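S.K.: this one's sequence-less:
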C-alpha cells in the first residue's frame, strides 16, 4: 500500500494468532501520484459527524478459513507524506487522522 492511505482488515484467532489463509484484505485510495493537497481534500475524503459510522463490505479471493471463532480488526494506515501535507491545510484542522489507527475488534463465527 505504498504511496497511498488505506484500510486493512485482518483476521485473528481468539489467542491472537494470524488466521488469514492467504493474507489480509484491504483498500487503498489510489495507486498513482495524488493530486495537490487542496484538490485531494475536496475530492478524496468522507467526513463523518460525531457518532456517525461508515461501513465497507467486500470479498477477498482467498482460501476459506477453518470453522471456529475469530476476531476481525481493521486498521487505518495513512501515507505519512501525503497526510502531512493535508493536515497542514487550515480547513483540515482537527478533521484528519494523521497516525495509524486500529479499530475495535469484532468477534465472528465461521461455520
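M.R.: Looks like it came in fine. All values reported here derive from a predicted model rather than from experimental measurement.
S.K.: May I ask which helix or strand of this structure has the lowest mean pLDDT?
M.R.: Here the helix or strand of the chain ranked lowest by mean pLDDT, DSSP states H and E is strand 25-28, holding a mean of 56.
S.K.: Give me the next element, helix or strand, following that strand.
M.R.: helix 37-43 (DSSP states H and E).
S.K.: contacts for that following helix?
M.R.: The contact list for helix 37-43 (Cβ atoms under 8 Å, 6 or more residues apart in numbering) reads 34-35, 82, 85-86, 88-89, 91-92. C-betas here are computed from N, CA, C, even on glycine.
S.K.: so which pair among those residues is furthest apart in space?
M.R.: Within the contacts of helix 37-43, two members stand farthest from each other by Cβ to Cβ: 34 and 91, at 17.2 Å.
S.K.: separation between residue 54 and residue 89?
M.R.: 22 Å (Cβ to Cβ, to the nearest Å).
S.K.: what about these two, which has more around it?
M.R.: Each of residue 54 and residue 89 has its neighbours counted (other Cβ atoms under 10 Å); residue 89 has more, 14 against 6.
S.K.: can you redo the contacts of helix 37-43 as CSV with secondary structure, pLDDT and distance to residue 16?
M.R.: CSV is the format used below for these (DSSP: H, G, I helix; E, B strand; the rest coil; pLDDT from 0 to 100; distance: Cβ to Cβ, whole Å):
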residue, secondary structure, pLDDT, distance to residue 16
34, coil, 68, 35
35, coil, 74, 40
82, helix, 72, 31
85, helix, 78, 36
86, helix, 81, 33
88, coil, 80, 37
89, coil, 82, 38
91, helix, 80, 40
92, helix, 80, 35
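S.K.: Mind giving me the ChimeraX command for buried ones among these?
M.R.: Burial among the contacts of helix 37-43 is assessed by 16 or more other Cβ atoms under 10 Å; the matching ChimeraX selection reads:
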select :34,82,85,86,92
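S.K.: That's all I had, so thanks and see you.
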